[in-house]
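> got a predicted model here, sequence first, then my questions.
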Amino acid sequence: MPELPEVETTRLGISPHLIGQSISEIIIRRYDLRWPITPTIPELTGETFTSIHRRSKYLILETSNGQALLIHLGMSGSLRIISPAEDWKKHDHFAISLSNGLQLRYHDPRRFGLILQIPVSEIETHKLLKKLGPEPLEETFTPLHLRTALQFKTIPIKTAIMDAKTVVGVGNIYASESLFRSRIHPSLPACKLTKPKAARLVAAIKEVLQESITQGGTTLRDFLNSNGEPGYFKQRLYVYDRKDQPCRICQTPISHLVMAQRSTYFCKTCQKP
């Protein structure tokens, strides 16, 4: 599923084409996503996009009348900038035509995404956003924050850093990769994270996410960026989806286990509890 780097890549791709442009038409072909598309969204026709930002894995498209579109790509969703004349694909469910002659089109085969209209004034208090932890690439995500958030948690560290209340956007791929780079075993009890390990882990999370954004995200199956192209960070993965392949550092076969119902990859030589 699209994770933080894929969503940030999408934001960077669509922003230059949307900001300052007015909405000439809104087309909804299917309303039945994970949450039904807000039926009043077509009333935004004529408004102008004023800003586009990301919170966790949500995109927030603000308009000139104080409203915003809250978009989540779900398991298989993508947004792309195209010509309105381009043929509709089977799973294209939503589109916004723009005053510059382009169109933003939403594609989602599994329909686990969402497109909601909310007032800008209610963004911080919306039930999907209000309990989220800090952004991993911002200064508020520090080793001290991480240790404080985890000091009473006995769950494995990998499970803990994937909890959006601890820090947002560290999905399964990036949790495995960050733990490898910080030389921490994924089963380490979260409350036993020492100061040195916390410092290494926070640095690794920031490094892995930023590298993935630079590479356009990680394409394992469905993700395409706003130009319809895959991300290339998969080529830089050290452990994820590399079971039994040699560790790129020590040549030990990469191990695999299931943790909290998620595939977990690690090197038993490089990563210690």
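Received it, and whenever you're ready, just let me know what you need.
> Glu47 is in contact with Asn65, correct?
Yes - using CB atoms under 8 Å, Asn65 makes contact with Glu47 at a distance of 5.1 Å. All C-beta spots, glycine's among them, are computed from the backbone N, C-alpha and C.
> can you give me the strands for the stretch 151-273 of the chain?
All strands of the stretch 151-273 of the chain, identified by DSSP state E, counting those that start in this stretch, fall at 255-259, 262-266.
> using PDB, write down the CA coordinates of the last one.
Think strand 262-266. Only the C-alpha atoms of strand 262-266 are listed here, as PDB (Å, rounded to 0.1, in the frame of the first residue of the first chain):
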ATOM      1  CA  ARG A 262       3.000  -8.400   9.200                       C
ATOM      2  CA  SER A 263       5.900  -9.900   7.400                       C
ATOM      3  CA  THR A 264       9.200  -8.900   9.100                       C
ATOM      4  CA  TYR A 265      12.600  -9.200   7.600                       C
ATOM      5  CA  PHE A 266      15.900  -8.800   9.400                       C
END
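> so who does Ser83 touch?
Ser83 sits next to 101-103 when contact means CB atoms under 8 Å, 6 or more residues apart in numbering.
> which parts of the stretch 1-150 of the chain are helices?
For the stretch 1-150 of the chain, the helices identified by DSSP state H, counting those that start in this stretch occupy 4-18, 143-150, in order along the chain.
> by contact count, what packs against the longest one?
Counting by 3 or more CB pairs under 8 Å, 6 or more residues apart in numbering; DSSP states H and E, the packing neighbours recorded for helix 4-18 are strand 49-55, strand 58-63, strand 78-82, strand 103-107, helix 195-214.
> and of those, who's closest to Pro186?
Pro186 sits nearest to helix 195-214 of all the helices and strands packed on helix 4-18, at 11.2 Å, using CB to CB.
> would you mark the buried spots in the closest one?
Neighbour counts over helix 195-214 (16 or more other CB atoms under 10 Å) mark 197-202, 204-205, 208-209, 212-213 as buried.
> adding distance to Phe141 and pLDDT, write those residues out as CSV.
Output for those, formatted as CSV (distance: CB to CB, whole Å; pLDDT from 0 to 100):
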residue, distance to Phe141, pLDDT
Lys197, 15, 97
Ala198, 11, 98
Ala199, 12, 98
Arg200, 14, 98
Leu201, 11, 98
Val202, 6, 98
Ala204, 12, 98
Ile205, 8, 97
Val208, 13, 93
Leu209, 10, 94
Ser212, 16, 87
Ile213, 15, 87
